[in-house]
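Undergrad: fold the following, please.
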Amino acid sequence: MTTNGWMQILFFFLAVLVVTPPMGAFMYRVLEGEKHFLRRPLGWLERLVYRVCGVDGREQSWRAYAGGLLAFSAATLLVTYAIQRLQHLLPFNPRGLDPVEAGSAFNTAASFTTNTNWQGYAGEATMSYLTQMAGLAWHNFISAAAGIAIAVAMARGLTRRGEGKGPGTIGNFWVDLTRTTVYILLPISIVFALVFVSQGMIQNLSPYVEVTTLEGARQVIAMGPVASQEAIKQLGTNGGGFFNANAAHPFENPNPLTNFLSMFLIFVIPAGLTYTFGRMAKDQRQGWALFGAMALLFFAGVGVAYWAESAGNPIVVGLGVEPGPGNMEGKETRFGIANSALYATVTTDASCGAVNAMHDSFTPIGGLVPLFSIQLGEVVFGGVGAGLYGMLVMAILSVFIAGLIVGRTPEYLGKKIETQEVKLAMLYVLIFPLVVLGFAAWSAVAPYGLSSLNNAGPHGLSEILYAFTSAAGNNGSAFAGINSNTAWYNVTLGLAMLAGRFLMIVPALAIAGVLAGKKVVAPGPGTLPTTGPLFSTLLVGVILIVGALTFFPVLSLGPIVEHFLALSGKVF
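TA: Residues are numbered from 1 along each chain as shown. Predicted coordinates for the structure are as follows:
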């Protein structure tokens, strides 16, 4: 590790910290219908969407809100599936690419619908320009907007003052979806797409270019509308790359500035939403308490990853060879150890999945960090929206545990946390490991699961575990030593993505609906303050304990045992 590397990491975090208040305040004004500077120039577009789609804007119960989300997501999944299957008949296909195979098309449609953006294919060799734009980049907008809408609905449930007469309303899904897309995602994406083009990222509809290399060989260089997809890919924590090499490809990530801006965009909305929550709670300290817990987990992760990669390959070090700059396998020399470790931590903390290095080539402990970051529930800033509503569920569990300790009914933001909310929170928490461990265990013993592995031993287990963790956590990154473009993995990973998204969103919305109808009670002498370092520490502890107790056994058989075997010189 170097001082320069740590300064880059700290500069990145300070940039996120500085932009959090203005971004959070802006999103609050947009989503709560207050005046903001984009209402006049873009208000016509919002009104046009309402008129065309017949949106009346009336408040919805959590059931109606969830119904709108599920119906919208199902329709968009089918549209993206159809575009892939019919791309050979559609325009903007200069390479004459064939229709995407049915299993892969389902997997990809499920992936982009759920904001996972897992890719079991090489984008430049599989998807036409139209599929990339109308199927994938379009989904990058709407799946991100849906996640933000759910987070705001959850926040409304916690912060609104109900009458104690049953579930309350939590907003209107169609209004939240439209406002998020029109005022937040579209303008920022346009600005940063232009910035990316200025830095050398390509943006065209030209045919692929055939060139002769210096050695005299023929090479095909892919073209396409890359910059426009990259901006929303990062801003919406989507992660699906235009090219198979993702953000390690020079056309997707040309230089250190675009690398920094890519990471900055990944965190800007998740961090800002904590401030939005504080504004909604009318106590900014509530938002900063969540931000503090996220920041603590972020620094712990990036510190371990940076240390592990800087220390070098444990097998090489065990032979008495100096590690040099560290473990450079699978990394771009233009980014180096620090930015590779930082990018891997950021993209898995925020359920983005974009990568500028090969996670499969990280050291066992370095690879453990992105894997465990996802297994914590994608709450370390998390995906756009998903991080906030996941953290709020963990906050509810934290005050419940604190209430047990002091012998009082737990409260959060003045609302009593009772049996129904705790059951729903536990349902939310248990779905994720059930999906991950269930499918991973099945794949680890079935011939059709093992046949895709390129590595034996504990690293092979880690590849399987990472695949289902990434899918259910709606992340999309991978230990790419596993071939996931098979019938088994296309179907099971697709199901894991859908379960990890929608079977967790519904309990979260149910919690919001129940809490929205509750009266606010005055804090008592035994009420746990939820605005200071004590609560942030408790929140971090609960997150780590839940993650450790759930996944530590399988992690012990994967990256942890791989690390100790590597120290003894054992390879697979």
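Undergrad: please make it C-alpha for all contacts and neighbour counts, starting now.
TA: Noted.
Undergrad: may I see the buried residues of the helix or strand containing Glu463?
TA: Glu463 is part of helix 457-472 when elements are defined by DSSP states H and E. Judged by neighbour count using 16 or more other C-alpha atoms under 10 Å, the buried positions of helix 457-472 are 458-472.
Undergrad: do the same with stretch 478-492
TA: 478-485, 489-492.
Undergrad: tell me what the helix holding Glu463 is packed against?
TA: In terms of contacts (3 or more C-alpha pairs under 8 Å, 6 or more residues apart in numbering; DSSP states H and E), helix 457-472 is packed against helix 364-375, helix 419-445, helix 487-516, helix 561-567.
Undergrad: what's the angle from the first one to helix 419-445?
TA: Helix 364-375 and helix 419-445 meet at an angle of 140 degrees, taking axes from the mean of the first three to the mean of the last three C-alpha atoms, to 10 degrees as the criterion.
Undergrad: switch to numbering from 45
TA: New numbering, starting at 45: the last item is helix 408-419.
Undergrad: next secondary structure after helix 408-419?
TA: Following helix 408-419 in sequence, per DSSP H and E, is helix 430-450.
Undergrad: from the chain's centroid, how far away is that next one?
TA: Here the centre of helix 430-450 is set off from its chain's centre by 21 Å, with C-alpha atoms, centre = their mean, to the nearest Å.
Undergrad: so what's Asn519 up against?
TA: Shown in contact with Asn519 (C-alpha atoms under 8 Å, 6 or more residues apart in numbering): 159-162, 282-283, 392, 394-397, 418.
Undergrad: could these be laid out in a markdown table, adding pLDDT and distance to Glu274?
TA: As requested, the contacts of Asn519 are exported to a markdown table (pLDDT from 0 to 100; distance: C-alpha to C-alpha, whole Å):
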| residue | pLDDT | distance to Glu274 |
| --- | --- | --- |
| Asn159 | 91 | 14 |
| Thr160 | 90 | 15 |
| Asn161 | 88 | 13 |
| Trp162 | 88 | 15 |
| Asn282 | 89 | 9 |
| Gly283 | 82 | 8 |
| Thr392 | 94 | 17 |
| Ala394 | 91 | 16 |
| Ser395 | 86 | 16 |
| Cys396 | 89 | 12 |
| Gly397 | 86 | 12 |
| Ile418 | 93 | 22 |
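Undergrad: which among those residues end up buried?
TA: By neighbour count, with 16+ other C-alpha under 10 Å, those hold 159-162, 282-283, 392, 394-397, 418 as buried.
Undergrad: nearest to Leu86 among the residues you listed?
TA: The closest of the buried ones among the contacts of Asn519 to Leu86 turns out to be Asn282 (C-alpha to C-alpha; 24.4 Å).
Undergrad: contacts only, for the closest residue to the closest one other than its chain neighbours.
TA: Taking C-alpha to C-alpha, 6 or more residues apart in numbering, and ignoring the residues beside it in sequence, Asn282 has Cys396 as its nearest neighbour in space, at 4.9 Å. If a contact means C-alpha under 8 Å, 6+ apart, then Cys396 has 160, 278, 280-283, 310, 427, 519-521 as its contacts.
Undergrad: give the residue spans of this structure that score low on pLDDT.
TA: Within the chain, the ranges that satisfy pLDDT under 70 run 207-210, 366-367, 616.
Undergrad: please enumerate the strands of it.
TA: Taking DSSP state E, the strands of the chain run over residues 253-256, 262-265, 455-456, 459-460.
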